[in-house]
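> Compute the structure for the input listed below.
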Amino acid sequence: MIIDRVINGMERKASKGQWTVGAVPYGYTRNSEHSLVTLDDEISIVKLIFRLYTRRRLGCRAIAAYLNERNLVRRRAHRKAVAQPGTQPWSHKTVADVLTNRVYLGEVRFRDIVAIDAHAAVIEPATFDLAQHILTERGEMPAKKATASSDYHLTGKINCPVCSHRYLGTNAHGRSRTYRYYTCFTRNRYGVDRCSAPRIDADALDAQVLAALRDFYTSHLDEAEQAIAASRHEQHQARADYTREPFGVLGGAGPAAPHVHYRQSVSATGFRPTAIHITITV
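Numbering: from 1, shown residues only. This next block holds a predicted model:
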């Protein structure tokens, strides 16, 4: 198949140390032979990020703020550059992406292919390994954050009252425990300067929502089913009225075509409501 031939071709290129697919990593460009070549001005920022993280022990969010305050912005990813040329600010996520990208060790990876010394390495292995250790110790490792999304049941279901983006699950590490929050996407990525919406205590909110659901299904389900039945009866009656309404005869004035207007108070399938709307005040 065509897709198999394409993948085989990419694997052959990767085995030779050539960049195969996706945006070229920050700090590099691609030459005519599809090999990565360093960009000195960007590589200096990559080295700065590793130095700030491993020596000064700044966090990803603090490093992003440090770079943005000094106008050391990054270029847009290639897929966005066509529609939105220029640069964009750093975020804790893009800083973490740099800290975990083994391309800075001179490696090129594609599927199960790993090419060592494919291009010039810019970070020492010991520095890179130290960064991974600190990321794991602080809970800033992107892969582990992604696997923890199921712990936040309301992720993507809360709208920010300030910027209208969705809230997502985040955490903060104290001396004796980890604190769970729902945080606006904009605030989490770019800081309170871009969105000042407050964080929400995830444990407290989850408990309140579960209590509201329990109360609904134990105390108010009969009322919902009655509302559904009444709404369906209203729809059936409207359809019946529509079919019985006489139309005008050709050549006469006759009444205008009927217009039926009704409001369905409950949206449902079967005998259960499709959604329960809960208003959260923060």
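> Going by C-alpha atoms from here, please, whenever you check contacts or count neighbours.
OK.
> Let me see the ranges of the helices in the stretch 1-150 of the chain.
With helices called from DSSP state H, counting those that start in this stretch, the stretch 1-150 of the chain shows them at 2-15, 40-54, 60-69, 78-81, 92-100, 125-138, 142-147.
> looking at those helices, which is closest to Ser164?
Nearest to Ser164 among the helices of the stretch 1-150 of the chain is helix 92-100 (20.3 Å), distances taken as C-alpha to C-alpha.
> What is the burial count for the residue nearest to Arg61 when sequence neighbours are not counted?
Counting by C-alpha to C-alpha, 6 or more residues apart in numbering, the nearest residue to Arg61 once its immediate chain neighbours are dropped is His92, at 4.4 Å. The burial count assigned to His92 is 19, neighbours taken as other C-alpha atoms under 10 Å.
> quick one, what contacts His92?
Residues in contact with His92 (C-alpha atoms under 8 Å, 6 or more residues apart in numbering) are Cys60, Arg61, Ala62, Ile63, Ala64, Arg189, Tyr190.
> per-residue pLDDT, the first one?
It refers to Cys60. The predicted local confidence for Cys60 comes out at a pLDDT of 92.
> Please apply the same query to the last one.
Listed pLDDT for Tyr190 reads 77.
> so what's the residue nearest to it when sequence neighbours are not counted up against?
Excluding the flanking residues, the one nearest Tyr190 by C-alpha to C-alpha, 6+ apart is Ser91, at 5.6 Å. Contacts here follow C-alpha under 8 Å, 6+ apart; on that basis Ser91 touches Cys60, Arg61, Ala64, Ala65, Arg189, Tyr190.
> CSV please, covering those residues and showing neighbour count and distance to Arg102.
Formatted as CSV, those follow (neighbours: other C-alpha atoms under 10 Å; distance: C-alpha to C-alpha, whole Å):
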residue, neighbour count, distance to Arg102
Cys60, 23, 17
Arg61, 20, 21
Ala64, 25, 20
Ala65, 19, 24
Arg189, 18, 23
Tyr190, 19, 25
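> ok, those vs Met141, which is closest?
Nearest to Met141 among the contacts of Ser91 is Cys60, at 10.2 Å by C-alpha to C-alpha.
> what's the distance between the residue nearest to that closest one when sequence neighbours are not counted and Asp222?
Nearest in space to Cys60, with sequence neighbours left out and distances taken as C-alpha to C-alpha, 6+ apart, is His92 at 4.7 Å. For His92, the distance to Asp222 under the criterion C-alpha to C-alpha, to the nearest Å works out to 48 Å.
> Likewise for Tyr167?
Counting by C-alpha to C-alpha, the gap between Tyr167 and Asp222 amounts to 32 Å.
> and these two? which has more neighbours close in?
The neighbour comparison of Tyr167 against Asp222 (other C-alpha under 10 Å) goes to Tyr167, with 24 against 12.
> show me the contacts for that one.
If you count contacts by C-alpha under 8 Å, 6+ apart, Tyr167 has them with Thr155, Gly156, Lys157, Ile158, Asn159, Cys160, Tyr182, Thr183, Cys184, Phe185.
> who wins for most neighbours among those residues?
That'd be Cys184 among the contacts of Tyr167, by other C-alpha under 10 Å, with 31 neighbours.
> For that residue, give me its contacts.
With contacts defined as C-alpha under 8 Å, 6+ apart, Cys184 is in contact with Cys160, His165, Arg166, Tyr167, Leu168, Cys195, Ala197, Pro198, Arg199.
> if we go to 6 Å?
In this structure, Cys184 makes contact with Cys160, Arg166, Tyr167, judged by C-alpha atoms under 6 Å, 6 or more residues apart in numbering.
> On the strand side of things, show who Arg75 bridges to.
Beta-bridge partners for Arg75, by DSSP bridges, are Thr87.
> so how many other residues sit close to it?
A total of 17 residues lie near Arg75 under the criterion other C-alpha under 10 Å.
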